[in-house]
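Participant: let's see this in three dimensions:
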Amino acid sequence: MDRVCTLIALHRRIVGAPLVVAANRDEFHDRPAEGLAIRSAPGGPIIAPLDTRAGGTWLGLGPQGLFAAVTNVSAGTPDPQRRSRGHLVIQALAAASAREAAEAAEKLPMGMYNPFNLFLADRDDAFAITYEERPRRIAVGGSTVIVGNGAFDRPVPPKLAGLQEQVDDLGPESLLEGLERLCRSHEEFGPRGPLDALCVHTPAYGTRSSALLRIGDDGLEDSNSVFRFAEGAPCENPYEDHTALLRRLASPGPVAVGSIGEPS
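Facilitator: Numbers count the residues shown, from 1 in each chain. The predicted model follows:
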């Protein structure tokens, strides 16, 4: 049940940075995971954390600059017989571009997965795929995108509406710092109490990690590209700088720490 529960993406909104992402992963505390690393996937090496229970991931980045992330769509009790949604990111990152990945996602068979949102972006395009028995694709390039646990093409819930206002108020000069503050925030944007905060804390469930990514005009090796990752709730744990992974992934023969995903 891998999921990023809140994802903020600014696609072609910032000069010199065609893609900026902030993402908090909310999960049960007893679900084991590993942090950000270069991993060997069926489609080639990627940067991704790892859900050690199901073998998938909730977000990742390929050497071509393609970013992918998945959120679960709340729709009752999930069917345990369906495929893990954490493998969707791995499959998507095997594509050459966001457009190619979105076209492949549109062809996913009905009933294979429990409902999800899949966000796909590179320097040129961005797409959101909502899957409820069948996939629906929406082009979101050139916009500010906020993805949660509701279907992307449904009315925006209070949590995301309140968050959108705060993102719109952030200036480009200190955008990453502003997104970091939001990811650490306990402000409740809706009626569900702590679950409507960006940084979630409940006894059994909460924000387990957080990622901040900026991709420059020239891709992973651009001096403006940055990747930071907090293992644990970002209000309690620092964002470690993993930008060196971007350079390594872009270089010939990046060294992977292990494998992720399953052969197709």
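Participant: when you work out contacts or count neighbours from here on, use the C-alpha atoms and nothing else.
Facilitator: Noted.
Participant: secondary structure element for Lys159?
Facilitator: Following DSSP states H and E, one finds Lys159 within helix 158-168.
Participant: what sits against Phe67?
Facilitator: Residues in contact with Phe67 (Cα atoms under 8 Å, 6 or more residues apart in numbering) are Leu59, Gly60, Leu61, Leu93, Ala98, Phe119, Leu120, Ala121, Asp122.
Participant: which elements pack onto the helix or strand of the chain with the lowest mean pLDDT?
Facilitator: None of the helices or strands of the chain scores lower by mean pLDDT, DSSP states H and E than helix 158-168, at a mean of 87. In terms of contacts (3 or more Cα pairs under 8 Å, 6 or more residues apart in numbering; DSSP states H and E), helix 158-168 is packed against strand 144-147.
Participant: contact partners of the helix holding Lys159?
Facilitator: Ile146, Val147, Gly148, Leu179, Glu188, Phe189, Gly190, Asp196, Ala197.
Participant: again, only this time at 10 Å
Facilitator: Under the contact criterion Cα atoms under 10 Å, 6 or more residues apart in numbering, helix 158-168 has outside partners 6-10, 144-150, 155-156, 175, 178-179, 182, 187-192, 195-198.
Participant: so after that helix, what's the next helix or strand?
Facilitator: Taking DSSP H and E, what comes next after helix 158-168 is helix 175-183.
Participant: so Ser251 touches Gln64, yeah?
Facilitator: No. Ser251 lies out of contact with Gln64 (Cα atoms under 10 Å); the separation is 11.1 Å.
Participant: overlap of the contact sets of those two?
Facilitator: Counting by Cα under 10 Å, 6+ apart, the residues touching both Ser251 and Gln64 are Leu220.
Participant: more neighbours, those two?
Facilitator: Gln64 (19 against 13; other Cα atoms under 10 Å).
Participant: got the contact list for the more buried one?
Facilitator: 46, 93-98, 122-123, 219-220, 249-250.
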